[in-house]
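Trainee: build me a model:
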Amino acid sequence: MLLTFHLLFIGLHVSEGCTLENTEKLLKLTAFKGRSVLLPCYCTDPDTKPEEFSWTKQNSETNTLDKISNESGQYRDRVQLVNGHSPGNLSLLISHLTEEDGGSYWCETENNRYVYIKLTVEGKL
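Mentor: So this is what the prediction gives:
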């Protein structure tokens, strides 16, 4: 009976999906031009991976949200997800920072939960 309860509990836990750490809080980060920065986003349970998630950045010129990928213009070959050993780690690494990389970023999961990050990119050290 205890084993049945334990398996039921595990099944319920897995079906919850990813609960993001620092949900709906503003994280302020400062990084330097030409360097790299890690935008943190992760599930409270490191073994839980959301069915869907995305990274977006607010485009201040058009006031729209642009999806970020390794194929998208400004980020081509400069971004990668850092989830090698932990499926719940959704963090985004941006390399070779430019001033244009500064701004507002969102990591959002399928349940409309998000982490909001304000990145400031400063000149040389």
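
Trainee: what sits up against stretch 82-94?
Mentor: Stretch 82-94 has contacts (CB atoms under 8 Å, 6 or more residues apart in numbering) with 18, 36-50, 53, 55, 68, 75, 78-81, 101, 105, 107, 109. No exception for glycine: its C-beta is placed from N, CA and C like everyone else's.

Trainee: narrow these to those that are buried.
Mentor: With burial judged by 16 or more other CB atoms under 10 Å, the buried subset of the contacts of stretch 82-94 is 18, 37, 39-43, 45, 48-50, 53, 55, 68, 75, 78-79, 101, 105, 107, 109.

Trainee: residue 47: which element?
Mentor: Assigned by DSSP states H and E, residue 47 belongs to no helix or strand.

Trainee: what distance do you get for it to residue 63?
Mentor: Applying CB to CB, to the nearest Å, one obtains 38 Å for the distance of residue 47 from residue 63.

Trainee: so residue 76 touches residue 68, yeah?
Mentor: No - Residue 76 is beyond contact range of residue 68, at 10.8 Å (criterion: CB atoms under 8 Å).

Trainee: the one helix or strand residue 119 maps to pairs with which strands, parallel or anti?
Mentor: Taking DSSP H and E as the criterion, residue 119 maps to strand 114-122. Here strand 114-122 has these sheet partners by DSSP bridges: strand 26-32 (parallel), strand 103-109 (antiparallel).

Trainee: flag every buried residue along it.
Mentor: Those buried within strand 114-122 under the rule 16+ other CB under 10 Å are 114-117, 119, 121.

Trainee: need these in TSV (columns: pLDDT).
Mentor: What follows is the buried residues of strand 114-122, written out as TSV (pLDDT from 0 to 100):
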residue	pLDDT
114	89
115	92
116	94
117	96
119	97
121	96
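
Trainee: which among the residues you listed gets closest to residue 97?
Mentor: Comparing these against residue 97 with CB to CB places residue 121 closest, at 5.2 Å.

Trainee: what's the spacing between that closest one and residue 36?
Mentor: Distance from residue 121 to residue 36, counting by CB to CB: 11 Å.
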